[in-house]
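In: this one's sequence-less:
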């Protein structure tokens, strides 16, 4: 790797990092990681600035080497796949859900042997578990937040932005080592490992042909015609957003589309009177909005969509009673462990357990979402809690 590729000021044995812009340089960097057991990983994306979000930088750090990989220039990133899949190398990320989905979406990378330091912090009862807060607390380091919302697609990449990216992974390995030791002392390390194993399997969501309005808060309150208008506007917004290469929410916000859907303005003047568009938005999108509204209004009402409803059976009094007991138990256990209650079991799990009314902790294996660690730690208490005061007389 040429000396010009080594920049000073971030992580690595010499205090610098490698800016990798070719596949050859990436292969050389990966070769220098031979024999490592831990690799810190982070990424930067551009979801705030472009229509199609993409990974714009990948940051990597071992104990002695650090790199910022530019996937907009390195067209073949396949040399990264083996180390990401290697179970002998622990991959350390912080708040990794979005990163794992993005790596798989853009490159089909799978992360095997994940250790998420955010999850680790939460299982230690840390209240402020954002990376900035954790590094401030553990290392007295303040992260520069100026670049968090910058456009990471800009090239040439400013050196200060690359330096910021490299610094993000500098402390992850020593942080992970601290957290692992503390978790191990509490007997919770295997809890976090189970959580991380499950998290490593997440994949990006796909539309599955579902209506766009299902992702809009408040759409379920609309009547059929308004729902049809909203769907038409959401589809049109995608066209405009792609044409402008902007995120859809920066073209027209959901609140605007909901207001238009309810008002159903069939003329430019009626739309303007709503007062919900800026002059620039009215000029760019007004005609298209009115055309979309008219198209839906003029359709046969039988063609208008309806919001899909999940019909759920109202729980019996016995189940409601058990739900109350389980929520009280969760609060008690959370207090004992000094953890968030949702980490132990969430409301959906509580409902499933209450309906099941298990007679042994082994029976809790049928609650698919309940973690093994939670079943072992709390399983007997769940059974005891539900067995109190003759509750088992009604199993409906």
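Out: Arrived safely, thanks for sending. The model shown is predicted, which means the values in this text are computed figures rather than measured ones.
In: immediately after the strand or helix carrying residue 57, which helix or strand?
Out: Element membership of residue 57, judged by DSSP states H and E, is strand 55-61. As assigned by DSSP H and E, the chain's next helix or strand after strand 55-61 is strand 66-69.
In: Please, where are all the helices along the stretch 101-250 of the chain?
Out: Remark: helices assigned in the stretch 101-250 of the chain by DSSP state H, counting those that start in this stretch are 117-123, 131-139, 159-170, 172-186, 189-199, 224-244, 248-251.
In: For residue 288, which of those is the nearest?
Out: helix 224-244 (5.7 Å; Cβ to Cβ). C-beta coordinates here come from the backbone N, C-alpha and C atoms, glycine included.
In: tell me which residues of that closest one are tucked away?
Out: Buried residues in helix 224-244, counted by 16 or more other Cβ atoms under 10 Å: 225-234, 236-237, 240-241.
In: now swap in stretch 316-327 and tell me
Out: Residues of stretch 316-327 classed as buried by neighbour count (16+ other Cβ under 10 Å): 318-319, 321-323, 325-326.
In: wait, what's in contact with the closest residue to residue 306 other than its chain neighbours?
Out: Sequence neighbours aside, residue 224 is the residue nearest to residue 306 in space, at 5.5 Å (criterion: Cβ to Cβ, 6 or more residues apart in numbering). Residues near residue 224 by Cβ atoms under 8 Å, 6 or more residues apart in numbering: 301, 304-306.
In: What is the neighbour count of the closest residue to residue 193 other than its chain neighbours?
Out: Nearest-residue entry for residue 193: residue 115, 7.8 Å, with adjacent residues in sequence omitted and distances by Cβ to Cβ, 6+ apart. By other Cβ atoms under 10 Å, the residues close to residue 115 number 26.
In: For residue 115, list each beta-bridge partner.
Out: For residue 115, the beta-bridge partners under DSSP bridges are residue 92.
In: Which pLDDT value belongs to it?
Out: pLDDT for residue 115: 98.
In: Hmm, it is touching residue 180, no?
Out: Yes - contact criterion Cβ atoms under 8 Å: residue 115 and residue 180 qualify, at 7.5 Å.
In: which ones are touching residue 63?
Out: Counted by Cβ under 8 Å, 6+ apart, residue 63 has contacts 36, 38, 173.
In: How many residues are close by the last one?
Out: Going back to what we said before, that points to residue 173. 22.
In: Help me confirm that it comes into contact with residue 64.
Out: No - Residue 173 lies out of contact with residue 64 (Cβ under 8 Å); the separation is 10.3 Å.
In: From residue 164, how far out is the residue nearest to residue 193?
Out: According to Cβ to Cβ, to the nearest Å, residue 115 stands 23 Å off from residue 164.
In: can you check residue 109 too?
Out: Residue 109 is 23 Å from residue 164, by Cβ to Cβ.
In: Repeat that for residue 78.
Out: 27 Å.
In: and these two? which has more neighbours close in?
Out: The neighbour comparison of residue 78 against residue 164 (other Cβ under 10 Å) goes to residue 164, with 22 against 12.
In: Return the per-residue confidence for the closest residue to that one other than its chain neighbours.
Out: Sequence neighbours aside, residue 147 is the residue nearest to residue 164 in space, at 4.6 Å (criterion: Cβ to Cβ, 6+ apart). Looking at residue 147, its pLDDT reads 84.
In: can you check residue 390 too?
Out: Value listed for residue 390 in the pLDDT field: 51.
In: same check, this time on the one 3 residues further on
Out: In the prediction, the pLDDT value recorded for residue 393 is 41.
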